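Asks: quick one, structure for this:
(chains A, B, C and D)
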4 protein chains.
Amino acid sequence: MAENQSKLNWKRQLHEIIYEADTPAGKLFDVILLIAIIVSIALVMLESVNPIGEQYKTELNIAEWIITILFTLEYILRIISISKPKKYIFSFYGLIDFLSTIPKYLSVIFTGTHSLVALRALRLLRVFRILKLGRFIGESEHLAKALKASRARISVFLFFVLIICIILGSVMYLIEGSENGFTSIPRSVYWAIVTLTTVGYGDIAPATPIGQFIASAIMILGYAIIAIPTGIISSEIAKEDKVNLNTQSCPHCATEGHVDGAIFCHHCGNKLNE
Amino acid sequence: MAENQSKLNWKRQLHEIIYEADTPAGKLFDVILLIAIIVSIALVMLESVNPIGEQYKTELNIAEWIITILFTLEYILRIISISKPKKYIFSFYGLIDFLSTIPKYLSVIFTGTHSLVALRALRLLRVFRILKLGRFIGESEHLAKALKASRARISVFLFFVLIICIILGSVMYLIEGSENGFTSIPRSVYWAIVTLTTVGYGDIAPATPIGQFIASAIMILGYAIIAIPTGIISSEIAKEDKVNLNTQSCPHCATEGHVDGAIFCHHCGNKLNE
Amino acid sequence: MAENQSKLNWKRQLHEIIYEADTPAGKLFDVILLIAIIVSIALVMLESVNPIGEQYKTELNIAEWIITILFTLEYILRIISISKPKKYIFSFYGLIDFLSTIPKYLSVIFTGTHSLVALRALRLLRVFRILKLGRFIGESEHLAKALKASRARISVFLFFVLIICIILGSVMYLIEGSENGFTSIPRSVYWAIVTLTTVGYGDIAPATPIGQFIASAIMILGYAIIAIPTGIISSEIAKEDKVNLNTQSCPHCATEGHVDGAIFCHHCGNKLNE
Amino acid sequence: MAENQSKLNWKRQLHEIIYEADTPAGKLFDVILLIAIIVSIALVMLESVNPIGEQYKTELNIAEWIITILFTLEYILRIISISKPKKYIFSFYGLIDFLSTIPKYLSVIFTGTHSLVALRALRLLRVFRILKLGRFIGESEHLAKALKASRARISVFLFFVLIICIILGSVMYLIEGSENGFTSIPRSVYWAIVTLTTVGYGDIAPATPIGQFIASAIMILGYAIIAIPTGIISSEIAKEDKVNLNTQSCPHCATEGHVDGAIFCHHCGNKLNE
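Replies: Predicted coordinates for the structure are as follows:
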């Protein structure tokens, strides 16, 4: 039983190192993991750059194996140290950990699994878990809250933008036609999105005067409606930042609008919560 | 007379299903209509994509006929179930319903009515009617209210932008000339709009040093003035979100708009809450 | 002397028609002038479009002469009807009136004065004078006030943007060099402005990895700093819109923060201004 | 000792002229320096423009020498007139002064030091020092304060944008591949940044339907999230502009932050103004 308890103790300590960032060991673990992730992303990038990827093929392969084994170890330790492994495995970060580790093993079994490289880029998402434990937490949560509050409005707006783009894309398909690059409605809708969002690649551009006139209208529209999401989020963030007076009413004089945390009524001087 | 009443009843029930979304049948009707619209838009899109449109010509044609007959039935039911059919037929949504159903019938009479495909894209506008009955209504109306309030200001702004673009376009036409793509003043105005709205296709781009200098000025101007519609809408949405003065009315002089926490009317000096 | 007075009267009436918009005649004059300006701009545009300009050369020439004579008459009437003609002639609108009327006359004396077409586009600026007398005045002035208040801040911002563009342009000139389109520092600065303002023509684009890395940094910088003018103008417009509580203090209870126009103190019920 | 004191006096006067802008001599010094900087930047630009740089090589060389000698003199005077020269030399502006003066001397020793031209562009940064002493100081500091307060939030946002771009870039690399210009992951990430920030050069553009679909999603995402930095800075500037709670401190318990118009302390219940 003593052995069992020491094992429990060992598990708890491991859990603290891996999942928390309060202890020096926990912080060190996070920093090492962060470096490993960044190095691994750099390797994935370098591999794709043609002259480098060819020349240092073996070196990059070895480095990738080291990173993969490190991440595998981490993944196993995470499963061991947690009390409910299933919950971790099927959680968002659990799946990302799995999907970003497995490609290298699969590449041994199946040759030519080039397309799994993308999964390795998912490792970057793990950065968010580490930083969640870091000092940025306050800032991110503040932003996240404002974004969550304006999610419904932004969705309505984006849905509206999409419908406009489909209708305008269809119109432009008829006006410009295949000879000017508007070969199909989906492609015209793609062009309308490129234009309305003011990206403007120029891979497709209107050539007829009427097309250019409508395109101008779309641009000015896009220029005007970009103000809408900005306005929504601005007012949401402003609301978060404001010092709100609560609606608490004084039991003696019924004065409302007290500062959060007020004990006495600012008007009659009696206690607020009796 | 009993027959007449049962007919009236039948009409009322149909009206409830088609025009309202409170009953289960009404909700089901809206969902089916929504799916039909989305499928129909997908068909219009697929038809325009060249290899697919050619290969599955008959299948797409049959599917389009099914959708068209469905929409025709719905159109007839809408006319039957409403008490004032004329009002519906000439309303905004009534015209859209008609214009988005008729093209298929016209294509039988007149061959080569390719240009009526655009009218079918108008079906997408019908989505708004359905959603108006849905849960997004609160959000959309809040936004719509803020946009309505800032409509006049935004119009003044866009009018101002247009005048700037015409003047700058004329200037660039003289500086760059036909050899650099500025073949006419309308085309130069198109270029000015492309530049000022920061779209920047690059199909027309200044080539002379003076032209590039003026283009730079236009870009920086566009970069600065994009702040104006944003500012207008931001402040409008922010206004919607907060209440400055309460709507309390003085029992003596009926003056409204008191500061929160006011005890006496600021106008007649009598007590506000007696 | 009676003759003199009737002349004065005639002058005063003319002044009212031309410079004011309160009387029906004054309004009519403004509407006619507005139409004349729009027609004249349309003519200038059509003249520049190649097939049209060549084909309808005589028609356009005649129409242009009619417009020019109309504007000349208006210019003379403006000088006659005002008490201090010199002040008008050398005012902003006076100069625009002159410069937008003279080109046609000059084209008779000097042949090939193609470059004076731009001056005719200045006619568009006259629209602002007419609209100043119109219904848009409230809206425009509200906007103009907010823009005036944020002018200093916006200038500092744009000056800062310009310096960043010159430095980044110089750096890119060294990195990319003439072979990738960065043929000179001014041209590289032009590219930096195109990039920072998110216009992105693509006529010049970085080709080296280091150049693309720096370009990415510039884009993200531009994406972040576009928030600054927006923030400045937003807060300025919001300030204009806010209901301000004045700093007036009650002579009896010293309560501050009264609504503008308050007669009695909202706290103790005594008169505010005794 | 009198000689020593006169020397000290001479030093103090020099310090006042060079480092301050209160005296007429100090202002004159700043204006001359400002002109010298602008002329010098113009020279660097002209030198890089090919036909001009070749034709007026000697003239530009002489002018550059004059400017360099002027700046050298100024640099020496700055070191002499300050009490702690080391602090100046290793300060930000001290290093910029050195780095923007030295290239011309180095070009005598090492031929072909073309790459040092960029260092000369750093002279532009010196403008900020002069203007700091000027009238723009109030405006710049106001802005700088708001920017500083929102620095953390903006950093979190930009970091988030970068991660999105890396992941989306990797995905697009797999979908589009080398044949459509997405030759490596870093290049695809560069493309993702170009797209998300709505710059849109068009040097790389998606060609496959799936690629265009994802690109559309990125654009709409970019169009929506540009609202975030704007919202952050807007609310920060708005906060700077207004005061919500007054800074009045309770004479009994020293609690700060009372509502305007409060009579009793909301914390201890004692009267605020006795």
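
Asks: ok, which stretches of chain A are helices?
Replies: A:2-19, A:24-48, A:50-55, A:57-81, A:85-89, A:92-99, A:102-109, A:117-121, A:126-132, A:137-149, A:151-176, A:185-196, A:209-225, A:227-241 (DSSP state H).

Asks: for the third one, the averaged confidence score.
Replies: Which is helix A:50-55. Average pLDDT, helix A:50-55: 82.

Asks: residue B:55: which of the helices of chain A is closest?
Replies: For residue B:55, the closest of the helices of chain A is helix A:185-196, at 16.1 Å, according to Cβ to Cβ. (C-beta placed from N, C-alpha, C; glycine too.)

Asks: and the angle for that closest one with helix B:185-196?
Replies: 70 degrees (axes from the mean of the first three to the mean of the last three Cα atoms, to 10 degrees).

Asks: figure out which of the helices of chain A is closest to residue C:60.
Replies: helix A:209-225 (17.7 Å).

Asks: in that closest one, what's buried?
Replies: Buried residues in helix A:209-225, counted by 16 or more other Cβ atoms under 10 Å in any protein chain shown: A:211-216, A:218-225.

Asks: pick the one among those residues closest to residue D:75.
Replies: Using Cβ to Cβ, the buried residues of helix A:209-225 come closest to residue D:75 at residue A:223, 47.3 Å.

Asks: so who does the closest residue to residue A:226 other than its chain neighbours touch?
Replies: Leaving aside its chain neighbours, residue A:226 sits nearest to residue D:223 (6.5 Å; criterion: Cβ to Cβ, 6 or more residues apart in numbering or on different chains). Residue D:223 sits next to A:161, A:196-198, A:226, A:229, D:198 when contact means Cβ atoms under 8 Å, 6 or more residues apart in numbering or on different chains.

Asks: now, of those, which are buried?
Replies: For the contacts of residue D:223, a burial check counting by 16+ other Cβ under 10 Å picks out A:161, A:196-198, A:226, A:229, D:198.

Asks: ok, residue A:203 to residue D:215 distance?
Replies: Distance, residue A:203 to residue D:215, using Cβ to Cβ, to the nearest Å: 10 Å.

Asks: and for those two, which residues touch both?
Replies: By the contact definition Cβ under 8 Å, 6+ apart, residue A:203 and residue D:215 are jointly contacted by residue D:205.

Asks: relative to chain C, which residue of the stretch 101-250 of chain A is the closest?
Replies: The stretch 101-250 of chain A approaches chain C most closely through residue A:202 (5.6 Å), counting by Cβ to the nearest Cβ.

Asks: what's around that residue, how many residues?
Replies: Around residue A:202 there are 24 other residues, counting by other Cβ atoms under 10 Å in any protein chain shown.

Asks: is it correct that it is in contact with residue C:201?
Replies: Yes: Residue A:202 lies in contact with residue C:201 (Cβ atoms under 8 Å); the separation is 7.3 Å.

Asks: next, show the common contact partners of those two.
Replies: Common neighbours of residue A:202 and residue C:201 (Cβ under 8 Å, 6+ apart) are B:200-202.

Asks: can I get these in CSV including distance to residue D:172?
Replies: Converted to CSV, those look like this (distance: Cβ to Cβ, whole Å):
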residue, distance to residue D:172
B:200, 21
B:201, 21
B:202, 21
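
Asks: filter the residues you listed by proximity to chain D?
Replies: B:200-202 (Cβ under 8 Å from any Cβ of the partner chain).

Asks: domain-wise, how is chain A divided?
Replies: Structural domains annotated on chain A: A:2-132, A:148-239, as defined by automatic domain parsing.

Asks: circling back: okay if I get the buried ones among the contacts of residue D:223 as CSV plus pLDDT?
Replies: Formatted as CSV, these follow (pLDDT from 0 to 100):
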residue, pLDDT
A:161, 87
A:196, 92
A:197, 90
A:198, 89
A:226, 84
A:229, 84
D:198, 89
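
Asks: just the closest of those residues to residue B:90, please.
Replies: Nearest member of these to residue B:90, counting by Cβ to Cβ, is residue A:161, at 29.1 Å.

Asks: OK, contacts around the closest one?
Replies: Here residue A:161 is in contact with A:196, A:225, D:220, D:223 (Cβ under 8 Å, 6+ apart).

Asks: which among those residues gets closest to residue A:36?
Replies: Once Cβ to Cβ is applied, the member of these that ends up nearest residue A:36 is residue D:220, at 33.7 Å.

Asks: was I right about residue A:231 contacting residue B:236?
Replies: Yes: contact status for residue A:231 versus residue B:236: in contact at 7.0 Å, counting by Cβ under 8 Å.

Asks: what is in contact with these two at once?
Replies: Counting by Cβ under 8 Å, 6+ apart, the residues touching both residue A:231 and residue B:236 are residue B:146.

Asks: who has more neighbours, those two?
Replies: residue A:231 (34 against 25).

Asks: how about the residue in the stretch 1-150 of chain A positioned nearest to chain D, nearest residue that isn't a chain neighbour?
Replies: For the stretch 1-150 of chain A, the residue closest to chain D is residue A:121, as judged by Cβ to the nearest Cβ, at 3.6 Å. Spatially, and ignoring its direct neighbours in sequence, residue A:121 is nearest to residue D:170 (3.6 Å; Cβ to Cβ, 6+ apart).

Asks: and that neighbour, how many neighbours?
Replies: 25.

Asks: equivalent analysis for residue A:8, please.
Replies: Using other Cβ under 10 Å, the number of residues around residue A:8 comes to 10.

Asks: from residue A:81, how far out is it?
Replies: For residue A:8, the distance to residue A:81 - Cβ to Cβ - is 11 Å.

Asks: quick one on the thing from earlier: mind putting the buried residues of helix A:209-225 in JSON lines, pLDDT and distance to residue A:32 included?
Replies: Below are these laid out as JSON lines (pLDDT from 0 to 100; distance: Cβ to Cβ, whole Å):
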{"residue": "A:211", "pLDDT": "92", "distance to residue A:32": "57"}
{"residue": "A:212", "pLDDT": "92", "distance to residue A:32": "57"}
{"residue": "A:213", "pLDDT": "92", "distance to residue A:32": "60"}
{"residue": "A:214", "pLDDT": "92", "distance to residue A:32": "56"}
{"residue": "A:215", "pLDDT": "93", "distance to residue A:32": "53"}
{"residue": "A:216", "pLDDT": "93", "distance to residue A:32": "55"}
{"residue": "A:218", "pLDDT": "92", "distance to residue A:32": "50"}
{"residue": "A:219", "pLDDT": "92", "distance to residue A:32": "49"}
{"residue": "A:220", "pLDDT": "89", "distance to residue A:32": "52"}
{"residue": "A:221", "pLDDT": "88", "distance to residue A:32": "51"}
{"residue": "A:222", "pLDDT": "88", "distance to residue A:32": "46"}
{"residue": "A:223", "pLDDT": "85", "distance to residue A:32": "48"}
{"residue": "A:224", "pLDDT": "81", "distance to residue A:32": "50"}
{"residue": "A:225", "pLDDT": "83", "distance to residue A:32": "46"}
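
Asks: for these, which one is nearest residue B:42?
Replies: residue A:218 (22.8 Å).

Asks: ok, that closest one - contacts?
Replies: By Cβ under 8 Å, 6+ apart, residue A:218 lies in contact with A:168, A:192, A:195-196.

Asks: how far away is it from residue A:168?
Replies: For residue A:218, the distance to residue A:168 - Cβ to Cβ - is 6 Å.

Asks: near chain B, which residues of the stretch 1-150 of chain A show up?
Replies: Close to chain B, as judged by Cβ under 8 Å from any Cβ, the stretch 1-150 of chain A has no residues.

Asks: so where's the stretch 1-150 of chain A uncertain?
Replies: Scanning the stretch 1-150 of chain A for pLDDT under 70 picks out A:1-5, A:7, A:111-118, A:131-143.

Asks: quick check: the residue of it nearest chain C.
Replies: For the stretch 1-150 of chain A, Cβ to the nearest Cβ, closest residue to chain C: residue A:49, 8.2 Å.
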